[in-house]
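Enquirer: Structure for this input, please:
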Amino acid sequence: MFATLIAVAALWGAAAGLLVPRAAYRLSVEPEEPWRAACQAGHALAGPARGWLGGPGCAACAAPSPRTALAPALAPALAPSLVTAFACAALAAATGPRPELAVWLLYAPFAVLLATVDIRVHRLPDQLTLPLAATTPPLLLGAELLPYDAGSWLHALLGGLALGGGYFALFLIHPHGMGFGDVKLALSLGALLGWYGWGVLFAGTFAGFLAGSLYGLCLVLARRGSRKSAIPFGPFMIGGALLGLLLGALSATP
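Expert: Predicted structure coming up:
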């Protein structure tokens, strides 16, 4: 039963991750630019949800392409699927058959999508961060109403407000070093981490800051940046939150 749960979670992550490349391509634009509606060759991106759901390319480009031409594109197209599958499998292994696992699995593909966009254009779109901030607490409330949960909805709500408020304070103190998209993302990540308590919230937040600081230090040492260079902090926030959730799930008692 436990192995089946992990396998199902991995399959869910792999399937959901296949939808990330197209959405990331469409969202990876500068703030003043509209979302992309065509592929790089100029063909309209068609499909379900007005072209937001589908593979990384378009049918017009894929149809005439030989296998040799498709091979170089497979790695970047499959990478989000593999990352999402790994994250979902790890969360399932740590959480087990608890109701909050459904929330983690729903959140994971959007987290990978946000990290991908942030890496490409240093941007966390409101169209993702704000819905996640609005829906995560109600979803966790639903998890608390079910039996065998191992967290607290009140702690989740307070955690989202605390982490969002903390990031907002950092934004006010140093706006050039902290994007406002990070503040909005912190609202949902704080709710996820707060579910397992203040210790997990601190651990996940600290892990994100530590990883981001080490990455910036490596850039400086490699002379590929300076102390003032902007880095995409969203992936480090998300990675730290993942570590925090794994820690919280493993140590929680229903």
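Enquirer: From now on I want contacts and neighbour counts done on CA atoms only, so please keep to that.
Expert: Will do.
Enquirer: the bottom helix or strand of the chain by mean pLDDT?
Expert: The helix or strand of the chain with the poorest confidence is helix 59-62; it has a mean of 63 (mean pLDDT, DSSP states H and E).
Enquirer: Tell me which helix or strand the residue positioned nearest the centre of the chain sits in.
Expert: Nearest residue to the geometric centre of the chain (CA atoms, centre = their mean): residue 111, 1.2 Å. For residue 111, the element it lies in under DSSP states H and E is helix 100-121.
Enquirer: What's the first helix or strand after that helix?
Expert: Heading C-terminal from helix 100-121 (DSSP H and E), you reach helix 126-145.
Enquirer: where does the chain have low pLDDT?
Expert: 56-76, 254 (pLDDT under 70).
Enquirer: residue ranges of the helices in it, please?
Expert: 2-17, 20-27, 48-51, 59-62, 67-95, 100-121, 126-145, 153-173, 180-194, 198-221, 234-251 (DSSP state H).
Enquirer: Just put the ones you listed in CSV and tack on distance to residue 37.
Expert: Formatted as CSV, those follow (distance: least, CA to CA, whole Å):
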stretch, distance to residue 37
helix 2-17, 20
helix 20-27, 7
helix 48-51, 8
helix 59-62, 14
helix 67-95, 18
helix 100-121, 16
helix 126-145, 16
helix 153-173, 32
helix 180-194, 23
helix 198-221, 33
helix 234-251, 25
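Enquirer: Buried deepest among those helices, which one?
Expert: helix 180-194 (a mean of 27; mean count of other CA atoms under 10 Å).
Enquirer: which strands and helices sit next to that helix?
Expert: helix 126-145, helix 153-173, helix 198-221, helix 234-251 (3 or more CA pairs under 8 Å, 6 or more residues apart in numbering; DSSP states H and E).
Enquirer: Nearest to residue 11, out of the ones you listed?
Expert: Residue 11 lies closest to helix 234-251 among the helices and strands packed on helix 180-194, at 18.4 Å (CA to CA).
Enquirer: can you state the direction angle for the closest one and helix 198-221?
Expert: Using axes from the mean of the first three to the mean of the last three CA atoms, to 10 degrees, the inter-axis angle of helix 234-251 relative to helix 198-221 is 140 degrees.
Enquirer: okay, helix 234-251 in PDB with CA atoms only?
Expert: Coordinates of each C-alpha in helix 234-251 appear next as PDB, following Å, rounded to 0.1, in the frame of the first residue of the first chain:
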ATOM      1  CA  GLY A 234      12.000  31.800  -5.900                       C
ATOM      2  CA  PRO A 235      13.600  28.400  -6.600                       C
ATOM      3  CA  PHE A 236      15.500  28.600  -3.300                       C
ATOM      4  CA  MET A 237      12.400  29.500  -1.400                       C
ATOM      5  CA  ILE A 238      10.600  26.500  -2.900                       C
ATOM      6  CA  GLY A 239      13.500  24.100  -2.400                       C
ATOM      7  CA  GLY A 240      13.800  25.200   1.300                       C
ATOM      8  CA  ALA A 241      10.000  24.700   1.700                       C
ATOM      9  CA  LEU A 242      10.300  21.200   0.200                       C
ATOM     10  CA  LEU A 243      13.000  20.300   2.700                       C
ATOM     11  CA  GLY A 244      10.900  21.800   5.500                       C
ATOM     12  CA  LEU A 245       7.800  19.800   4.500                       C
ATOM     13  CA  LEU A 246       9.800  16.600   4.400                       C
ATOM     14  CA  LEU A 247      11.200  17.300   7.800                       C
ATOM     15  CA  GLY A 248       7.800  18.200   9.200                       C
ATOM     16  CA  ALA A 249       6.000  15.200   7.700                       C
ATOM     17  CA  LEU A 250       8.600  12.800   9.000                       C
ATOM     18  CA  SER A 251       8.500  14.200  12.500                       C
END
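Enquirer: so what's the residue nearest to residue 197 when sequence neighbours are not counted up against?
Expert: Closest residue in space to residue 197, ignoring its immediate chain neighbours: residue 155 at 6.1 Å, by CA to CA, 6 or more residues apart in numbering. By CA atoms under 8 Å, 6 or more residues apart in numbering, the contact list for residue 155 reads 191, 194-198.
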